[in-house]
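This is a predicted model, with the sequence first.
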Number of protein chains: 2
Amino acid sequence: MADGRAADAGVADVGVAVGSAADVGVAVGSVADGTVPDRLTPRAREIATAARTLLEESGPAALTLRALADRLGIKAPSLYKHFPDKHAVEVELIAQMLEESAAALEAAEARAPGSVEALAEAYRTYAIDHPHLYCLATERPLPRAALPAGLEDRAAMPLMRVCGGDIDLARSVWAFAHGMVILEIHGRFPNDADLAAAWKRGLKAFHP
Amino acid sequence: MADGRAADAGVADVGVAVGSAADVGVAVGSVADGTVPDRLTPRAREIATAARTLLEESGPAALTLRALADRLGIKAPSLYKHFPDKHAVEVELIAQMLEESAAALEAAEARAPGSVEALAEAYRTYAIDHPHLYCLATERPLPRAALPAGLEDRAAMPLMRVCGGDIDLARSVWAFAHGMVILEIHGRFPNDADLAAAWKRGLKAFHP
DNA sequence: GGCATGAGGCTAACGATGTTAGCCACTCAC
DNA sequence: GTGAGTGGCTAACATCGTTAGCCTCATGCC
């Protein structure tokens, strides 16, 4: 057993992010100009953008510090002036994924309030459009302490609302959706499987 | 996008395993003595056993060719006399996982015919008892060509049967179960989450 | 003007990883 | 007895994340 398990918070749990802002590459960003406080230095954001392109275009194996540095026209060790280690870069990508999928779910909710189907469609679409990013953010314990406070909850709230606060229902719908998406991404279903039908069947089951 | 997607067969698809038995370390095993044909040479089986111990006790990062060789009292390059590469060792572990979980599901089915709950319980128990092995076998495209013929189908049949042949239902129940298990393994649920309740709620939803 | 400081590059190098090449010893069938 | 596996070995390579230590330049301060 050993690792593989992690701890704390999830759906409907208040995110207790206490990451120190004094870490390398982490700037609180001047709030004076009315801007939302940024997690990252401008240069660090460029690096994260390049990392994301690398990951999304070529998969996790291609996300190498040397390849990342190459793409930016610098050498690998220079990256350590902006991030403490590779994991920190990945954490930023995970935060991006959580934010974007939260936004996608909120948009779907606004478009069709109370519709599980709309939420599921948005969830699936986002994941399938960013398979490597989805896997990166999903197939390991959440680095909760390093994530913006409340982000995890924000991503979970639309589903919680549509489930009318039934947390067991919300968790099982989440598990179903994640299972469908991750099995599809990894090619576990037959090529010719009618996944739309499986989604429909599953969502029908969960219906009130 | 790029990789991350794979192909072919899944639930209820006939496994088309055509792996050549002439590969390094692969012995067909004398059938003369009435033994089931073995995938592996005796020494290769020892190596696989050590690899499994390493994986299950210390996680995927600890499954290193040098660590594996150490545990066997030999040097890393010697492993190549028995397996063509590290991936082949992992494939053997994946095959073990599929066989054992298939057996667990069959046993559950025999114990409580027609019960989705019994199947789900068996699935969850096996996965949680072998989290690293479950992840190894599950979080990447199935190496179908290198797996024993029919194994994938055997693992899927109990669920197919209990779903009365409704393939869409079988796929969504599978997605639900996999999602629950993998999210639990990765610590995505809150520490104090009542997962039994979530399982119950999900299975109730899928009930006829 | 002079200068300290910090930001952001660089090279060289380390240890760990998977993997290859090439060598050697032992067993055993003919 | 000998030739052919079988199953070890050492040395080495490329690549990975990472560290140490140096250099350059812009900026702000006296």
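Noted; the coordinates are in hand.

End to end on stretch A:157-170, go ahead and measure it.
The straight-line separation of the ends of stretch A:157-170 (Cα to Cα, to the nearest Å) is 10 Å.

what's the following helix or strand after the longest helix seen in chain A?
When chain A is scanned for its longest helix (criterion: DSSP state H), the result is helix A:86-111. Where DSSP states H and E defines the elements, the next helix or strand beyond helix A:86-111 is helix A:116-129.

right, and the helix or strand after that following helix?
Downstream of helix A:116-129 (by DSSP H and E), the next one is helix A:131-138.

Is stretch A:84-103 positioned near DNA strand D?
Yes. Applying Cβ under 7 Å from any atom of the strand, one finds stretch A:84-103 touching DNA strand D at A:Asp85, A:Lys86, A:His87. Quick note: C-beta positions are derived from backbone N, CA and C, even for glycine.

is any part of the strand or helix carrying A:Ala51 close to DNA strand D?
Assigned by DSSP H and E, A:Ala51 belongs to helix A:42-58. No. Helix A:42-58 stays clear of DNA strand D (Cβ under 7 Å from any atom of the strand), getting no nearer than 10.2 Å.

So for that helix, what gets flagged as buried?
A:Ala44, A:Arg45, A:Ile47, A:Ala48, A:Ala50, A:Ala51, A:Arg52, A:Leu54, A:Leu55, A:Glu56 (16 or more other Cβ atoms under 10 Å in any protein chain shown).

Highest neighbour count among the residues of stretch A:84-103 next to DNA strand D?
A:Lys86 (16 neighbours; other Cβ atoms under 10 Å in any protein chain shown).

Tell me the residues of chain A that contact DNA strand D?
Chain A comes close to DNA strand D at residues A:Leu63, A:Thr64, A:Leu65, A:Arg66, A:Ala67, A:Ala76, A:Pro77, A:Tyr80, A:Asp85, A:Lys86, A:His87, as judged by Cβ under 7 Å from any atom of the strand.

Inside helices: which ones of the residues you listed?
Mapping these onto helices (DSSP H) picks out A:Leu65, A:Arg66, A:Ala67, A:Lys86, A:His87.

Can you tell me which of the residues you listed is closest to DNA strand C?
Using Cβ to the nearest atom of the strand, A:Arg66 is the member of those that sits closest to DNA strand C, with 9.0 Å.

looking at it, the closest one is touching A:Pro77, isn't it?
No. The criterion here is Cβ atoms under 8 Å, and A:Arg66 misses it with A:Pro77 at 9.8 Å.

Close to DNA strand C: what parts of chain A are there?
When proximity is defined as Cβ under 7 Å from any atom of the strand, chain A approaches DNA strand C at A:Thr41, A:Arg43, A:Ala69, A:Gly73, A:Ile74, A:Lys75, A:Pro77, A:Ser78, A:Lys81, A:His82.

Now A:Glu139: closest residue in space that isn't a chain neighbour?
B:Glu139 (5.5 Å; Cβ to Cβ, 6 or more residues apart in numbering or on different chains).

Give the burial count for that neighbour, as a bare number.
So B:Glu139, with other Cβ under 10 Å, has 18 neighbours.

With A:Asp166 instead?
Neighbour number of A:Asp166 under other Cβ under 10 Å is 14.

A:His130 now?
For A:His130, the neighbour count with other Cβ under 10 Å is 22.

Just want to check the distance between it and A:Val181.
Using Cβ to Cβ, to the nearest Å, one obtains 11 Å as the distance from A:His130 to A:Val181.

A:Thr53 too?
For A:Thr53, the distance to A:Val181 - Cβ to Cβ - is 22 Å.

just A:Ser115 next, same as before
With the distance defined as Cβ to Cβ, A:Ser115 ends up 18 Å from A:Val181.

which one of these two has more residues nearby?
Per other Cβ under 10 Å, whichever of A:Ser115 and A:Val181 has more neighbours is A:Val181, with 25 against 15.

correct me, but the more buried one touches A:Ile128?
Yes. Between A:Val181 and A:Ile128 there is a contact at 6.9 Å, judged by Cβ under 8 Å.
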